[in-house]
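Q: Below is the structure, and that's it, no one-letter string:
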């Protein structure tokens, strides 16, 4: 089976929004083993919409559309889809009832033109929308399948995951299951090299590397008759990769470094405080993304100036003078200082040159991470590349990763 | 003139990357007054690339491609474009020299396959690439124009702005000029209502509102023979909007709230320190995005716990007991505390409920911003909506905006 993704919306053609829907759907279809050879965007123009739908069905078994299901006269995706399949529209009482309920929940009156959204092509599958007014619709005729979803990602994504994905899985003769292993502190090429033999084997399961902005992941995907069987195929390969990467794999599945570290801290019930220079609040801010972190996160200090490093953290003037603010010695004193003054069991620090350009004779991208756990001191030196923003992001990520490694070995 | 955007890259079809290039180019073309009716994505497959190019030229005057200009055998955009126009490829010495220079600057050896990137279609315009190895190429035959650019945004964007945009402007019979007014603290609908009469006039210039995640902008666009004339048409409308919005317009052009505030602080040479609870480092982190801020940014404190608020900032225990951590009184004491203990002229504080759910009897989204300027205290109450992440982003933005308003009235 192969599919084509068709986004309908003049706002995409004007560049007002990015078509992130296409990425989300493409990624999900790839995991389902459904090929995507074309993505298209057209505006709310009936002639071009018809043309795009005809082109797509000439090439693909499935078209997945986003957008054009709103209540206005410009919203025509459903009408054009129904026409393609020769289906009439009727007012679906259950769909109308759901739309009314949505407005009741929002405590807003339903508009007359919302009735249009309950008009359904005969014989179609209606997908209810918990996050908006437009129901999604599937029309199939034994040969081609048209899946129409609303444009806003907060409506489209749950509809895809809850209704479209199970529908497509039921059409597949087999099941695809993926497992994601998240790798920290290893570059993309180095990661690939370590598993090149597994990637090249390319049987069942497959192993594929993906590079993100500050990290990289390995995805293992297996094809089988059942979910359980697929998981059985994945497990030995996952185990092999785990043994090759060890602590470089920080988590499995859909999560983040900060969530992983927050959970370890809560599990160990260890209190933490953070002193940041070049990351300027990013490390604290990332940890605080996790609800419930207040149980262990005591405080953060953004000690950007030398004065603040001395006054707040007790960094010695002679350390700053002899080694500079960007040095292993300063990082260590910062981590110790924030732990001692806050009473936390763990202190973490960052100090470095975010750029642009060098500072006090230290090159752009040189960053020191300090970790102090119950008085024991660790320091790591990093040489990071990228813009000022990217260096700060990478430094914050690396600080959390360095802390994680010390905690799991603790 | 109308254009079509064609992205070439299997990694987009797999959902590994979002096609942000299409948004960037669409936005720029809209500002140039060039209509875009289709955006298409195909993989590195010669048959589909040919088909996509033929389809596009049936409908559009200009095709702008991104991707497929790399050194590997899979990279075929240039070959297929040259074939469409019936042009042969030749090795361009100057293009090769530029590629060699690029590798010299990167201190990496040039690979043999990079020579392919210096192969140029006869009669084409070569666009040099300062950020990568693939030159961009323009082929025109008096009727149709094909503009090919590399895929990585960091290479494509400067090439578009520096070379493609001036080229397209030279093809236009008129000039389009836009001015962006950035509005803070006013919702999108409220903003639109205040200028509805100007939007409805829709003559020359046009006025259009755009909503971003935490702010909104108004764009005024004029069409004229010259840039100067267009600016003359814009100015009275800009002046009218400025007088309606006053301090709600925080800046004009391509900038951010944090950059605006950082510049005011540096201009006034006023030192600042920040104490954050619910934003947990975001305010400090945003200010530190601006290089050179170290001259005035003394320090930040992430005082998430009540203990830290008392110990670091001197918030009184009875204030926390009587009014709670999320209160106007606590916000005021936090701002005063960070200013006094750091010796900064300005203290800024945030305290609120980021959620999910209420906390200590206060509803999710309730946030207090404190600003203390040379001992004078100001507090603002906000009721924000959205996820935990969005509430924190909006609170940080609002804190900077509140400070800005106090500083410009100072």
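A: Done, it's in. What you are looking at is a predicted structure, and each value in this text was computed from that prediction instead of being measured.

Q: use CA for all of it now, contacts and neighbours both
A: Noted.

Q: which ones are touching the residue of the stretch 51-200 of chain A at minimum distance from chain B?
A: The nearest approach of the stretch 51-200 of chain A to chain B comes at residue A:52, 9.3 Å away (CA to the nearest CA). For residue A:52, the contact set (CA atoms under 8 Å, 6 or more residues apart in numbering or on different chains) comprises A:6, A:40, A:42.

Q: for chain B, what are the nearby residues on the stretch 201-350 of chain A?
A: A:210, A:279-285, A:288-289, A:291, A:294, A:297-305, A:307-308, A:342 (CA under 8 Å from any CA of the partner chain).

Q: Next step: those restricted to strands.
A: A:210, A:297, A:298, A:299, A:300, A:301, A:302 (DSSP state E).

Q: Can you select the buried ones from those residues in ChimeraX?
A: With 16 or more other CA atoms under 10 Å in any protein chain shown as the criterion, this ChimeraX line picks the buried residues out of these:
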select /A:297,298,299,300,301,302
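
Q: so where do the helices sit in the stretch 51-200 of chain A?
A: A:77-84, A:93-106, A:153-159, A:165-171, A:188-194, A:196-201 (DSSP state H, counting those that start in this stretch).

Q: got a list of contacts for the fourth one?
A: To tie it back to what came earlier, the one meant is helix A:165-171. Applying CA under 8 Å, 6+ apart, the contact partners of helix A:165-171 are A:32, A:175.

Q: same thing with the second one?
A: For helix A:93-106, the external contacting residues (CA under 8 Å, 6+ apart) are A:109-110, A:114-115, A:117-118, A:126, A:128, A:130, A:132-135.

Q: Show me the two of these that sit farthest apart.
A: A:109 and A:126 (23.3 Å; CA to CA).

Q: related to what we said a few turns ago, and the residues of the stretch 201-350 of chain A next to chain B, which are buried?
A: Counted by 16+ other CA under 10 Å, these give A:279-285, A:288-289, A:294, A:297-305, A:307-308, A:342 as buried.

Q: center of chain A - which residue?
A: residue A:254 (7.6 Å; CA atoms, centre = their mean).

Q: Which element, helix or strand, includes it?
A: If you go by DSSP states H and E, residue A:254 is not part of any helix or strand.

Q: what do you get for the one 10 residues further on?
A: When secondary structure is defined by DSSP H and E, residue A:264 falls within helix A:257-268.

Q: Check which helices and strands that helix is in contact with.
A: strand A:249-252, helix A:282-288, helix A:388-409 (3 or more CA pairs under 8 Å, 6 or more residues apart in numbering or on different chains; DSSP states H and E).

Q: May I see the buried residues of that helix?
A: So helix A:257-268, judged by 16+ other CA under 10 Å, has buried residues A:257, A:258, A:259, A:260, A:261, A:262, A:265, A:266.

Q: so the residue sitting furthest away from the middle of chain A, which of the three states?
A: Ranked by distance from the centre of chain A (CA atoms, centre = their mean), the top residue is residue A:318, with 44.2 Å. With DSSP: H, G, I helix; E, B strand; the rest coil as the basis, residue A:318 sits in helix.

Q: need the strands for the stretch 101-250 of chain A, in chain order.
A: A:119-121, A:125-127, A:136-140, A:145-149, A:175-183, A:206-211, A:216-224, A:249-252 (DSSP state E, counting those that start in this stretch).

Q: can you list the ones you listed in CSV and add mean pLDDT?
A: Putting the strands of the stretch 101-250 of chain A into CSV (pLDDT from 0 to 100) gives the following:
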stretch, mean pLDDT
strand A:119-121, 97
strand A:125-127, 97
strand A:136-140, 97
strand A:145-149, 98
strand A:175-183, 90
strand A:206-211, 83
strand A:216-224, 90
strand A:249-252, 97
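
Q: Who are the contact partners of the nearest residue to residue A:163 once chain neighbours are set aside?
A: The shortest distance from residue A:163 to any non-neighbouring residue, by CA to CA, 6 or more residues apart in numbering or on different chains, is to residue A:127 (6.8 Å). Listed by CA under 8 Å, 6+ apart, the contact set of residue A:127 reads A:135, A:136, A:137, A:138, A:159, A:163.

Q: which of the residues you listed lies closest to residue B:199?
A: residue A:135 (32.1 Å).

Q: Need phi/psi at the closest one.
A: phi -70, psi 150 (degrees, to the nearest 10).

Q: how close does it get to residue A:26?
A: Using CA to CA, to the nearest Å, residue A:135 is found at 21 Å from residue A:26.

Q: And residue A:302, how far from residue A:296?
A: Distance check for residue A:302 against residue A:296: by CA to CA, it reads 19 Å.

Q: ok so, going back, any chance of the contacts of helix A:93-106 in TSV, plus distance to residue B:244 and neighbour count?
A: Formatted as TSV, the contacts of helix A:93-106 follow (distance: CA to CA, whole Å; neighbours: other CA atoms under 10 Å in any protein chain shown):
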residue	distance to residue B:244	neighbour count
A:109	31	10
A:110	33	16
A:114	34	17
A:115	38	18
A:117	38	22
A:118	41	24
A:126	47	19
A:128	43	18
A:130	39	16
A:132	34	18
A:133	35	26
A:134	37	26
A:135	40	26
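
Q: from those, which has minimum pLDDT?
A: pLDDT across these is lowest for residue A:109, at 82.

Q: Please name the nearest non-neighbouring residue to it.
A: In space, residue A:109 is closest to residue A:103, 6.1 Å off (CA to CA, 6+ apart).

Q: before we move on, what about residue A:369?
A: residue A:350 (4.7 Å).

Q: can you list contacts of the helix or strand hosting the one you found?
A: In the assignment (DSSP H and E), residue A:350 maps to strand A:346-352. With contact meaning CA under 8 Å, 6+ apart, strand A:346-352 is reached by A:270-279, A:325-327, A:330-332, A:334-339, A:365-374, A:395-396, A:399, A:403.

Q: Past it, which element shows up next along the chain?
A: Note on strand A:346-352: by DSSP H and E, the next helix or strand toward the C-terminus is strand A:366-373.

Q: Over that following strand, what's the mean pLDDT, rounded is fine.
A: Mean predicted lDDT for strand A:366-373 stands at 98.

Q: which other helices and strands contact it?
A: So strand A:366-373, by 3+ CA pairs under 8 Å, 6+ apart, packs with helix A:328-342, strand A:346-352, strand A:376-383, helix A:388-409.

Q: The same query, at a cut-off of 6 Å, please.
A: When contacts are defined as 3 or more CA pairs under 6 Å, 6 or more residues apart in numbering or on different chains; DSSP states H and E, strand A:366-373 packs onto helix A:328-342, strand A:346-352, strand A:376-383.

Q: Name the residues of the longest one that are buried.
A: Buried residues in helix A:328-342, counting neighbours by 16+ other CA under 10 Å, are found at A:328-340, A:342.

Q: now stretch A:362-379
A: Neighbour-count burial for stretch A:362-379 [16+ other CA under 10 Å]: A:362-373, A:377-379.

Q: Of these, which is the nearest to chain B?
A: Distances from chain B to the buried residues of stretch A:362-379, taken by CA to the nearest CA, are shortest for residue A:364, at 12.5 Å.

Q: Wait, that closest one touches residue A:358, no?
A: Yes - Residue A:364 lies in contact with residue A:358 (CA atoms under 6 Å); the separation is 4.7 Å.

Q: before we move on, back to that, now for the helices and strands packed on strand A:366-373, which one comes closest to residue B:313?
A: Of those, the one closest to residue B:313 (CA to CA) turns out to be helix A:328-342, at 12.5 Å.
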